[in-house]
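[1] Sequence and predicted structure are below.
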Amino acid sequence: MREAVRVAPSILAADHARLGDEIRAVAKAGADLIHVDVMDGHFVKNLTLGPPVIKSLRKTTKVPFDVHLMIERPEESVAAYVDAGADRLTIQAEATAHLHRALAQIRELGAKPGVAINPATPLSSIVHVLHLVDLVLVMTVNPGFGGQTFIAEVMPKLRALKALAARRHLGFDLEVDGGIDSKTAAVAAAHGANVLVAGSAIFSQKSYGPIVKALRQRAAQARLVPAPLTDALV
Ligand code: DX5
Ligand code: ZN
């Protein structure tokens, strides 16, 4: 059976004065996950929200929260984010010297661990933690802001991760984040992505249902003609 592609609207692009309503609206539009970007003003320049806001927002829907920490030393606060209601908790490989420990910690706390890598970060920095994660988030923009242009040069990393997963019998999700619209969703899906994060492409629309559906459909079609597997550790 063909694997479904999931869509995770990033609330970074939502109207922050009405975050609860916006989450309910994308949930109604068929969102599979709610992507929450946490930025600390250090790892990235931007500053967003933290555990108390996530805890309040978590009550607005049953759709799982996919929390993406763009913060320095995430190991110091993963417990607070799991406690706030993160179902999937992703940390940036570049943000900690203790990646292995932090990912194990997230699992012990009861959430699904994820590891994210920036466009310039090679896969060699995460090959030794792939057995610990439920998802690998391949950044398709430099993190910090919504509305940036998709960086297609990172696509070989998706194919290489797919090859590694097959060889090592691992079952993590391959998530892409940044510059995803219905065109780039197809490119990422053809390279193996099965979870699409999209902020401005969704929240710039008047109605969210059609775009969520379009992203999922374009990606599902693209997965029928996959790009060739690459074995390189790029
Ligand atoms: C970027 C964030 C993304 C961002 C994506 O640092 O991690 O989740 O919200 O926004 P768009 O889809 O507008 O590129
Ligand atoms: Zn994100």
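    Received the coordinates, thanks. Residues are numbered from 1 along each chain as shown. Ligands and ions are numbered 1, 2, ... in the order given.

[2] and Ala185, what is it in contact with?
    For Ala185, the residues meeting the contact criterion (Cβ atoms under 8 Å, 6 or more residues apart in numbering) are Val5, Leu196, Ala198, Leu215, Arg218, Ala219, Ala222. Using the backbone N, CA and C atoms, a C-beta is placed for each residue, glycine as well.

[3] whoops, Ile34 was the one
    The contact partners of Ile34, taken as Cβ under 8 Å, 6+ apart, are Ala8, Pro9, Ile11, Ile23, Val26, Ala27, Thr61, Val63, Pro64, Phe65, Asp66.

[4] ok, and the most crowded of the residues you listed?
    Comparing the contacts of Ile34 by number of neighbours (other Cβ atoms under 10 Å), Pro9 comes first, having 32 neighbours.

[5] pretty sure it is touching Ile202, no?
    Yes - counting by Cβ atoms under 8 Å, Pro9 touches Ile202, with 4.7 Å between them.

[6] From Ser10, how far off is whatever residue of the chain ends up closest to ligand 2?
    For the chain, the residue positioned closest to ligand 2 under Cβ to the ion is His68, at a distance of 3.8 Å. Counting by Cβ to Cβ, to the nearest Å, the gap from His68 to Ser10 is 8 Å.

[7] And for Ala80?
    If you go by Cβ to Cβ, the gap between Ala80 and Ser10 works out to 21 Å.

[8] More neighbours: the two, which one.
    Under the neighbour definition other Cβ under 10 Å, Ala80 and Ser10 were set side by side, and Ser10 has more, 25 against 15.

[9] Now do the same contact list for that one.
    By Cβ under 8 Å, 6+ apart, the residues touching Ser10 are His35, Val36, Asp37, Gly146, Asp177, Val197, Ala198, Gly199, Ile202.

[10] out of the residues you listed, which touch ligand 1?
    Taking Cβ under 6 Å from any ligand atom as the test, ligand 1 is in contact with His35, Asp37, Gly146, Asp177, Val197, Ala198, Gly199 out of those.

[11] Sticking with the residue lying closest to Val44 once chain neighbours are set aside, tell me its helix or strand.
    Closest residue in space to Val44, ignoring its immediate chain neighbours: Gly144 at 3.7 Å, by Cβ to Cβ, 6 or more residues apart in numbering. For Gly144, there is no enclosing helix or strand under DSSP states H and E.

[12] any idea how far Val82 is from Gly144?
    Distance of Gly144 to Val82, computed by Cβ to Cβ: 24 Å.

[13] So between the two, which is more surrounded?
    Ranked by neighbour count (other Cβ under 10 Å), Gly144 and Val82 place Val82 first, with 20 against 14.

[14] about what we covered before: tell me the residues that contact both of His68 and Ser10, please.
    Here His68 and Ser10 share the contacting residues His35, Val36, Asp37, Asp177, Val197, scored by Cβ under 8 Å, 6+ apart.
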